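Chemist: quick one, what's the 3D model for this:
(one chain, ligands or ions: 2)
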Amino acid sequence: MTELLSFDDVSKSYGDEQVLDGVSFAMEQSDVEVIIGPSGSGKSTMLRCVNRLTDIDDGAIYLDGHSIHDIGVNDLRRRVGMVFQDFNLFAHRTARGNITLGLRKVRGFSKEDAVAAADEHLERVGLADQAASYPAELSGGQKQRVGIARALAMDPELLLFDEPTSALDPELIGDVLSVMGDLADEGMTMLCVTHEMSFARSVADTITFLDDGRIAERGPPEQLFEAPETDRARDFLGEID
Ligand code: ADP
Ligand code: MG
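Modeler: Ligands and ions are numbered 1, 2, ... in the order given. Model (predicted):
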């Protein structure tokens, strides 16, 4: 069984600051992995390295057995979807238009096929009735569900989520987490940075605790949450509970 995603001793610095320091881990298909850790510990950088929004200095990252540097960057970003904290929607395009853009440009769909596929994905995230709405007309939770539908429309092998609910009002978080839970149930492979510990507990197969650019601890949720082995993880979990 090949690993879908693996990091082999990955390091990354910005100037003098080492942000990732010898990070190694692997995920198999359909795994859901949640990364937790203090602000500035390198969580976003870890995700951004996977689809080459930033490049690593040392080590290697493999997608389905191939170094990401041997995969064309456009192909890589088609295969690895990303959902951002601040949605990154195009303001001047409707919900449907945000999704058809990539389908037409990246996947070469005809206009009719792109519209049909976009509407199907909007339905999947509970937004069938908002296809013609512009981002400014949507709530934060709806915007994020458009972001997820847009990522799904590329038919990715792996989805990256960088604090997808952190910008949302509390009452809107549940809808987004429930879509993410459904995706996990359907077998989507997901690497998620989130502070939503109830989601992490109930959905993740594995939790990685990142501290100062290193994996300080990694294991199933029950181990990380009930019996953390490091003081750093214990302190961190004590602060956010
Ligand atoms: P986290 O997501 O865990 O909060 P980040 O990966 O965003 O952490 O950042 C880790 C460290 O790298 C921080 O100290 C941050 O200031 C620094 N950093 C992140 N992106 C850049 C960048 N583009 N240029 C310089 N420093 C950066
Ligand atoms: Mg971050």
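Chemist: let me know the pLDDT of the closest residue to ligand 2 within the chain.
Modeler: In the chain, the residue that lies nearest ligand 2 is Ser44 (3.2 Å; C-beta to the ion). Using the backbone N, CA and C atoms, a C-beta is placed for each residue, glycine as well. Per-residue pLDDT puts Ser44 at 98.
Chemist: quick one: it and Val193 touch, right?
Modeler: Yes: look at Ser44 against Val193 with C-beta atoms under 8 Å: they come within range, at 6.7 Å.
Chemist: and for the two, which residues touch both?
Modeler: Shared contacts of Ser44 and Val193 (C-beta atoms under 8 Å, 6 or more residues apart in numbering): 162-163.
Chemist: you'd agree Ala131 is up against His121?
Modeler: No: Ala131 is beyond contact range of His121, at 10.0 Å (criterion: C-beta under 8 Å).
Chemist: the more surrounded of those two?
Modeler: Neighbours per residue (other C-beta atoms under 10 Å) separate Ala131 from His121, with His121 holding more: 23 against 19.
Chemist: hmm, who's touching the helix or strand harbouring the more buried one?
Modeler: Using DSSP states H and E, the element containing His121 is helix 111-124. Residues outside helix 111-124 that contact it (C-beta under 8 Å, 6+ apart) are 95-96, 99-100, 103-104, 109, 128, 130-131, 146, 149-150, 152-153.
Chemist: which outside residues touch the lengthiest helix in the chain?
Modeler: Ranked by number of residues, the top helix in the chain under DSSP state H is helix 170-185. Defining contact as C-beta under 8 Å, 6+ apart, one finds that helix 170-185 is touched by 32, 125-126, 139-141, 144-145, 148, 152, 159, 161, 164-165, 168, 190, 192, 196, 199, 202-203.
Chemist: just checking, next helix/strand downstream of it?
Modeler: strand 190-193.
Chemist: that following strand vs ligand 2: in contact?
Modeler: No: using C-beta under 5 Å from the ion, we find that strand 190-193 stays clear of ligand 2, coming within 6.2 Å at best.
Chemist: how far off centre is that strand?
Modeler: Centroid separation for strand 190-193 versus its chain: 4 Å, with C-alpha atoms, centre = their mean, to the nearest Å.
Chemist: and stretch 111-127, average pLDDT?
Modeler: 97.
Chemist: identify each buried residue in it, please.
Modeler: 114-115, 117-119, 121-122, 124-127 (16 or more other C-beta atoms under 10 Å).
Chemist: returning to that earlier point: ok, of the contacts of helix 111-124, which come out buried?
Modeler: 95-96, 99-100, 103-104, 109, 130-131, 146, 149-150, 152-153.
Chemist: so which of these sit within helices?
Modeler: Checking the buried ones among the contacts of helix 111-124 against DSSP H, those in helices are 95-96, 99-100, 103-104, 146, 149-150, 152-153.
Chemist: format those residues as JSON lines; extra columns: pLDDT.
Modeler: Compiled in JSON lines, these are given as follows (pLDDT from 0 to 100):
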{"residue": "Ala95", "pLDDT": "98"}
{"residue": "Arg96", "pLDDT": "98"}
{"residue": "Ile99", "pLDDT": "98"}
{"residue": "Thr100", "pLDDT": "98"}
{"residue": "Leu103", "pLDDT": "96"}
{"residue": "Arg104", "pLDDT": "97"}
{"residue": "Val146", "pLDDT": "98"}
{"residue": "Ala149", "pLDDT": "98"}
{"residue": "Arg150", "pLDDT": "97"}
{"residue": "Leu152", "pLDDT": "97"}
{"residue": "Ala153", "pLDDT": "97"}
